[in-house]
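S.K.: turn this into a model:
(2 chains)
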2 protein chains.
Amino acid sequence: MRAIAGTPDELRLRALRGLPAIVPGDDLAALLAHAANDAGVRLSGGVLVVCQKVVSKAEGRIVTLSNVTPSDPARRIATEDGKDPRHIEVILRETARIVRRGPGVLICETKHGFVCANAGVDLSNAPGEDVAVLLPDDPDASARRLRAALAVPGGEPLAVIVSDTFGRPFREGLVDVALGCAGIAPIDDLRGEKDLVGRTLSVTAMASADQLAAAAGLLMVKDSGTPAVWIEGVAPRGDGDARALLRRRESDLFR
Amino acid sequence: MRAIAGTPDELRLRALRGLPAIVPGDDLAALLAHAANDAGVRLSGGVLVVCQKVVSKAEGRIVTLSNVTPSDPARRIATEDGKDPRHIEVILRETARIVRRGPGVLICETKHGFVCANAGVDLSNAPGEDVAVLLPDDPDASARRLRAALAVPGGEPLAVIVSDTFGRPFREGLVDVALGCAGIAPIDDLRGEKDLVGRTLSVTAMASADQLAAAAGLLMVKDSGTPAVWIEGVAPRGDGDARALLRRRESDLFR
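M.R.: Residues are numbered from 1 along each chain as shown, chains lettered A, B, ... in the order given. Next up, the predicted model:
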């Protein structure tokens, strides 16, 4: 399934800013629609990339650390790594399996199947010093809800991607990836198409949703107050969960 | 070191097309300058992302398979995987170390230090059925040469990124990454900066060059005849080799 109509000549990315600090229960779609309006953006026929943190906060995926009683495994890891045992406890609760442990680093497979540091549990820029922000419970469902709420009457369909910033093996630095998506095929599947000399491209399936998340990440510089980016020039096609981007453990050479 | 000046409000990506099929010895910079001119793009104050394949071809990094005599190890792998032993031989010559072998898959660490399938040796869309295109010998040097040749008199500095399409562990689908860069810090290092509540961001170093490559990749859909993309709205800052994006084997939990 193709993710993007045709081959675009030009893409334009626009930062949506001015959202208030998000708290549980906020109507994130309404706040995003307002920010889009302020930026002169019509949410029609493009892709809205929304950072995970505002989605999680609006959905109440926040844990107050003072309410957390660390388990023995959490205490042991925290002692070894010089971390807050309550933070480790929250990480372990989100973790299906620890994939690797390094010095001060926990690479976890989350219950959703994401492989990332600390199971995506983040302390930075939370609304207080003692809270942890978890990944959304179902980021694809989050994207679908936002998409339904943001559709412009009479407009072209839009796609919504919920993004987060992950490290990766082999390469330094973080990149943004798609945790959830709606209204676009997460993988732009060119398999079966021909290349310029007529040979069938056998293995080319681009992770378009991740590329869109990475592009948006250029405008979402950490904590710059840009929780969402509108991408126009790509007419989204297809549909599917970002879950399709998760390689199954059995076919992963690195787990 | 920061890679991008300020926090941009808007990015614009424009496809550069119309290059002829590139052959060894072509003046790629001149052809890119011509394509930019045709697209009405002034190569000033932005980032030019150029796909590896045209760089490699212009630099003559092409091997005619009929001239290749496979070694015994290449013959063995080719037999086991049902591949062309000459292709495997070229891959092995580019490989410092095989990181993983799966069914029909060779994940190699190249002599440069890239970890990717087939050491980046590609058969598809080569200028004949029996040639392999290798990665540039020194993609950072390739980027520096293009940057020097493309500088517009009186213009703002530009950055050049040489990109390729890689798979990755844990996630399905391919993404574009930076093999080489010039005129921009490959990693946007936020370490030491404060987040919105004044806490120091201890681990945030964004792989900006990879994010720029991924963004450009949205317009470079495989073999669509878009070998380069101009990104404006990011004023490149700093400098450094994309080599800095390569995690050292000793600090990689997955090698």
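
S.K.: for the stretch 51-200 of chain A, which residue gets nearest to chain B?
M.R.: Nearest residue of the stretch 51-200 of chain A to chain B: A:Gly173, at 2.9 Å (C-beta to the nearest C-beta). Just so you know, the C-beta spots here come from the backbone N, C-alpha and C atoms, and that holds for glycine as well.

S.K.: residues near that residue, how many?
M.R.: Neighbour count of A:Gly173, defined by other C-beta atoms under 10 Å in any protein chain shown: 24.

S.K.: residues touching the residue nearest to it when sequence neighbours are not counted, list them.
M.R.: The shortest distance from A:Gly173 to any residue other than its chain neighbours is 2.9 Å, reached at B:Ala207 (C-beta to C-beta, 6 or more residues apart in numbering or on different chains). Shown in contact with B:Ala207 (C-beta atoms under 8 Å, 6 or more residues apart in numbering or on different chains): A:171-175, B:178, B:186-188, B:245.

S.K.: that older thread, OK, contacts around the residue of the stretch 51-200 of chain A closest to chain B?
M.R.: By C-beta under 8 Å, 6+ apart, the residues touching A:Gly173 are A:167, B:186-188, B:205-208, B:210, B:245.

S.K.: relative to B:Arg144, how far out is it?
M.R.: Look at A:Gly173 and B:Arg144: by C-beta to C-beta, to the nearest Å, they are 20 Å apart.

S.K.: all strands for the stretch 101-250 of chain A, in order.
M.R.: With DSSP state E, counting those that start in this stretch, the ranges of strands along the stretch 101-250 of chain A come out as A:105-110, A:115-117, A:131-133, A:159-166, A:175-182, A:188-189, A:205-206, A:228-232.

S.K.: distance to chain B added to the ones you listed, as a markdown table?
M.R.: Below are the strands of the stretch 101-250 of chain A laid out as a markdown table (distance: least, C-beta to the nearest C-beta, whole Å):
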| stretch | distance to chain B |
| --- | --- |
| strand A:105-110 | 6 |
| strand A:115-117 | 4 |
| strand A:131-133 | 11 |
| strand A:159-166 | 7 |
| strand A:175-182 | 5 |
| strand A:188-189 | 7 |
| strand A:205-206 | 5 |
| strand A:228-232 | 8 |
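
S.K.: most tightly surrounded among those strands?
M.R.: strand A:175-182 (a mean of 30; mean count of other C-beta atoms under 10 Å in any protein chain shown).

S.K.: what angle do that one and strand A:159-166 make?
M.R.: 150 degrees (axes from the mean of the first three to the mean of the last three C-alpha atoms, to 10 degrees).

S.K.: what strands line up against strand A:175-182, and which way round?
M.R.: strand A:159-166 (antiparallel) (DSSP bridges).

S.K.: picking that back up, just the contacts of B:Ala207 now: which is nearest B:Ala149?
M.R.: For those, the closest approach to B:Ala149 (C-beta to C-beta) belongs to B:Ala178, at 19.0 Å.

S.K.: mind checking how far the residue nearest to the closest one when sequence neighbours are not counted is from B:Leu179?
M.R.: The shortest distance from B:Ala178 to any residue other than its chain neighbours is 3.7 Å, reached at B:Ala209 (C-beta to C-beta, 6+ apart). From B:Ala209 across to B:Leu179, the span is 9 Å (C-beta to C-beta).

S.K.: in stretch A:58-66, what counts as buried?
M.R.: Of all the residues in stretch A:58-66, those buried under the rule 16 or more other C-beta atoms under 10 Å in any protein chain shown are A:58-59, A:61-63, A:65.

S.K.: so for B:Ala209 and B:Leu179, which residues contact both of them?
M.R.: Jointly contacting B:Ala209 and B:Leu179 under the rule C-beta under 8 Å, 6+ apart are B:Ala242.

S.K.: one step back: adding mean pLDDT, write the strands of the stretch 101-250 of chain A out as JSON lines.
M.R.: Below are the strands of the stretch 101-250 of chain A laid out as JSON lines (pLDDT from 0 to 100):
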{"stretch": "strand A:105-110", "mean pLDDT": "96"}
{"stretch": "strand A:115-117", "mean pLDDT": "97"}
{"stretch": "strand A:131-133", "mean pLDDT": "93"}
{"stretch": "strand A:159-166", "mean pLDDT": "97"}
{"stretch": "strand A:175-182", "mean pLDDT": "98"}
{"stretch": "strand A:188-189", "mean pLDDT": "86"}
{"stretch": "strand A:205-206", "mean pLDDT": "92"}
{"stretch": "strand A:228-232", "mean pLDDT": "97"}
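
S.K.: so which of those comes closest to A:Thr7?
M.R.: Judged by C-beta to C-beta, the one of the strands of the stretch 101-250 of chain A that comes nearest to A:Thr7 is strand A:188-189, at 11.0 Å.

S.K.: which residue is nearest the middle of chain A?
M.R.: A:Ser163 (2.2 Å; C-alpha atoms, centre = their mean).

S.K.: a helix runs through A:Val55, doesn't it?
M.R.: Yes. Counting by DSSP: H, G, I helix; E, B strand; the rest coil, A:Val55 falls inside a helix.

S.K.: so A:Ile161 sits right up against A:Ala215, yeah?
M.R.: No. A:Ile161 is beyond contact range of A:Ala215, at 10.3 Å (criterion: C-beta atoms under 8 Å).

S.K.: using the three-state scheme, assign the nearest residue to A:Leu13 once chain neighbours are set aside.
M.R.: Distance criterion C-beta to C-beta, 6+ apart; nearest residue to A:Leu13, sequence neighbours excluded, is B:Leu11 at 4.3 Å. Under the three-state scheme (three-state DSSP), B:Leu11 adopts strand.

S.K.: which residues touch the least confident helix or strand in chain A by mean pLDDT?
M.R.: Least confident helix or strand, chain A: strand A:188-189 with a mean of 86, by mean pLDDT, DSSP states H and E. The contact list for strand A:188-189, computed with C-beta under 8 Å, 6+ apart, reads A:1-4, A:205-208, B:173, B:221.

S.K.: let me have those residues in TSV, adding distance to A:Thr110 as columns.
M.R.: Formatted as TSV, the contacts of strand A:188-189 follow (distance: C-beta to C-beta, whole Å):
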residue	distance to A:Thr110
A:Met1	26
A:Arg2	29
A:Ala3	24
A:Ile4	28
A:Ala205	23
A:Met206	24
A:Ala207	18
A:Ser208	22
B:Gly173	19
B:Val221	31
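
S.K.: what is the nearest of these to B:Gly240?
M.R.: Once C-beta to C-beta is applied, the member of these that ends up nearest B:Gly240 is A:Ala207, at 26.0 Å.

S.K.: A:Phe254 is in contact with B:Phe170, isn't it?
M.R.: Yes. Contact criterion C-beta under 8 Å: A:Phe254 and B:Phe170 qualify, at 6.9 Å.

S.K.: more crowded one of those two?
M.R.: Just comparing A:Phe254 and B:Phe170: by other C-beta under 10 Å the higher neighbour count belongs to B:Phe170, 23 against 19.

S.K.: hmm, A:Asp252 and the more buried one touching each other?
M.R.: Yes. Using C-beta under 8 Å, B:Phe170 is in contact with A:Asp252, at 6.3 Å.

S.K.: next one: A:Arg2 from B:Arg75, what distance?
M.R.: 38 Å.

S.K.: which one's more surrounded, these two?
M.R.: Each of A:Arg2 and B:Arg75 has its neighbours counted (other C-beta under 10 Å); A:Arg2 has more, 17 against 14.

S.K.: ok, now which ones touch the residue nearest to A:Leu13?
M.R.: By C-beta under 8 Å, 6+ apart, the residues touching B:Leu11 are A:11-13, A:215, A:218-219, B:215, B:231-234.
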